[in-house]
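> the following block contains a protein sequence and its predicted model.
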Amino acid sequence: MISSRVTLHRLGLSCHYQTFIHRGAIPRTRSHPIGQRRQQRWKSYKQTIASSEMLRCRPESETLATKLTSVERQELASARKFFEEGYEFLYSAESFSQHSPNTQTPEIIVLGASNVGKSSFLNALIGRPNAARVSQKPGKTTMLNAFAVGPRPRLSDGLHDKGTSPPKHSLIVMDSPGYGYKSRSDWGHAVVEYIEKRSMLRGAVVLVSMEKKLLPEDRWILKTLAKFNTRTIVVVTKADKGGSHWATTCREQADVLRREMGELEQRLGNGWTKGSGWMPDIYVTAANMDNINKLGNGGGIGGVRLAILNMAGFNPKAEVEQKAEAVAYTGRIVSFDDICWKVAP
């Protein structure tokens, strides 16, 4: 009997409380479920990545998204203009003999394991959503594909090869087949021969996924580049897949990469050294997190663009400084006699 009264009493209180809430006497409190808080944190780190033009893991630095100087912002704007000014697909090649002759335009090759996000990276780099076909299936790219980007180069008459048309673009970006899943041995041979023999090759960009540890194939390609003393930039892709701890994961990946390249430098001793052969700054990107047209330099793409231009022999910083010096004075012109000289007391 006592149990029934207690139950009825509780039910009565419950109904009474609900009535007061319904009438507005007691305000409803909004609940904040764990899922909602997680979504807020998710949006926060995604926004940080998407809005960052330069993401790089520098030795002995805890910060990836550094505050940019005015000169760096101008350099990044110049790099974006370069890559988005012009684009043209040139050709595909299965072997070295199928590459078109080139003695004037610098080339950069992009390397990476299957499904590392290479196609998304290339589309973001060039600023075209469909330049390289993106597929959920790894191993989609089966040949080396050449893309020409940038403005028409300014060449003097003495530098232009007679009997050939002048180049329409300033840089060639070479897309390569992904190594690893479903890759064929002859693809590796074609890539190695290109790295060894292509005279206009100015450097390589190696993509490593943040979702995976350094693969044996990654170590192999780094060793190959070191063997032929090819300038190398490493980019950690898919930063947006790392959750709220993405920055820590990227730094750990960068430490592993620097150790690997440092050991290769010591072991080979052929001049492929830190700063000139391999770059100690490891860049970070998230190329597939937004519409390519909206991404622009965001998602770390700007920093990679700038690094590629420097590696290819361009000098965006000098161009920015030259433009600053060329700014004309627009104030009032006065005669020498009208100048008010300050006399020391």
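Thanks, I have it.
> pull the contacting residues for the closest residue to Glu94 other than its chain neighbours.
Of all residues not flanking Glu94 in the chain, Met143 sits nearest, at 5.2 Å (CB to CB, 6 or more residues apart in numbering). All C-beta atoms are positioned from the backbone trio N, CA, C, and that covers glycine. Listed by CB atoms under 8 Å, 6 or more residues apart in numbering, the contact set of Met143 reads 92-94, 177.
> between these, which has the most around it?
Per-residue neighbour counts (other CB atoms under 10 Å) across the contacts of Met143 peak at Pro177, which has 25 neighbours.
> not counting sequence-adjacent ones, nearest residue to that residue?
Here the residue nearest Pro177, using CB to CB, 6+ apart, is Trp187, at 4.4 Å.
> ok so, going back, turn the contacts of Met143 into TSV, including pLDDT, secondary structure and distance to Met311.
Putting the contacts of Met143 into TSV (pLDDT from 0 to 100; DSSP: H, G, I helix; E, B strand; the rest coil; distance: CB to CB, whole Å) gives the following:
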residue	pLDDT	secondary structure	distance to Met311
Ser92	94	strand	24
Ala93	94	strand	22
Glu94	91	coil	26
Pro177	90	coil	22
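> please name the bridge partners of Val149.
Beta-bridge pairing of Val149 under DSSP bridges involves Tyr87, Leu171.
> I'd say it and Val173 touch.
Yes. When contacts are counted by CB atoms under 8 Å, Val149 is listed as touching Val173 (5.9 Å).
> any common contacting residues for these two?
Ile126.
> strand partners (parallel or antiparallel) of the lengthiest strand in the chain?
Identified as the longest strand of the chain according to DSSP state E is strand 201-209. Using DSSP bridges, the strands paired with strand 201-209 are strand 107-112 (parallel), strand 232-237 (parallel).
> columns distance to Glu53, mean neighbour count and mean pLDDT on top of the ones you listed, output as CSV?
Shown next, in CSV, are the strands paired with strand 201-209 (distance: least, CB to CB, whole Å; neighbours: other CB atoms under 10 Å; pLDDT from 0 to 100):
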stretch, distance to Glu53, mean neighbour count, mean pLDDT
strand 107-112, 20, 24, 97
strand 232-237, 14, 25, 98
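> can you lay out these as CSV showing distance to Ser199?
Listed next are these as CSV, based on distance: least, CB to CB, whole Å:
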stretch, distance to Ser199
strand 107-112, 9
strand 232-237, 18
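> right, and these - which one's nearest Pro59?
Of all the strands paired with strand 201-209, strand 232-237 sits nearest to Pro59, with 13.1 Å by CB to CB.
> what's in contact with the closest one?
57, 112, 116-117, 120-121, 203-210, 222, 225-226, 250, 253-254, 257, 261, 277-279, 282-287, 304, 307-308, 311.
> can you list the low-confidence ranges for the protein?
Along the chain, segments meeting pLDDT under 70 span 1-43, 132-141, 155-163, 181-186, 290-293, 321-345.
> which stretches of it form strands?
For the chain, the strands defined by DSSP E cover 56-57, 87-93, 107-112, 144-149, 171-175, 201-209, 232-237, 282-284.
> ok, Gly203 to Thr63 distance?
26 Å (CB to CB, to the nearest Å).
> more neighbours: which of these two?
Gly203 (21 against 12).
> is it true that that one touches Ala312?
Yes. Assessed by CB under 8 Å, Gly203 is found in contact with Ala312 at 6.8 Å.
> quick check: neighbours shared by those two?
Listed as contacting both Gly203 and Ala312 by CB under 8 Å, 6+ apart are Ile108.
> number of residues surrounding the closest residue to Ile301 other than its chain neighbours?
Nearest non-adjacent residue to Ile301, counting by CB to CB, 6+ apart: Ala124, 5.0 Å away. Using other CB under 10 Å, Ala124 has 30 other residues around it.
> list the contacts of Ala124.
Contacts for Ala124 (CB under 8 Å, 6+ apart) come out as 285, 287-288, 292, 295, 299, 301.
> next, Pro151: phi, psi?
Dihedral pair for Pro151: phi -70, psi 170, per degrees, to the nearest 10.
> with Arg128 instead?
phi -130, psi 120.
> pretty sure it contacts Gly86?
No. Using CB under 8 Å, Arg128 makes no contact with Gly86, being 10.6 Å away.
> got the residue ranges for the helices in the chain?
Counting by DSSP state H, the chain has helices at residues 2-23, 34-51, 70-85, 118-126, 185-197, 216-227, 246-268, 292-295, 301-311, 316-325.
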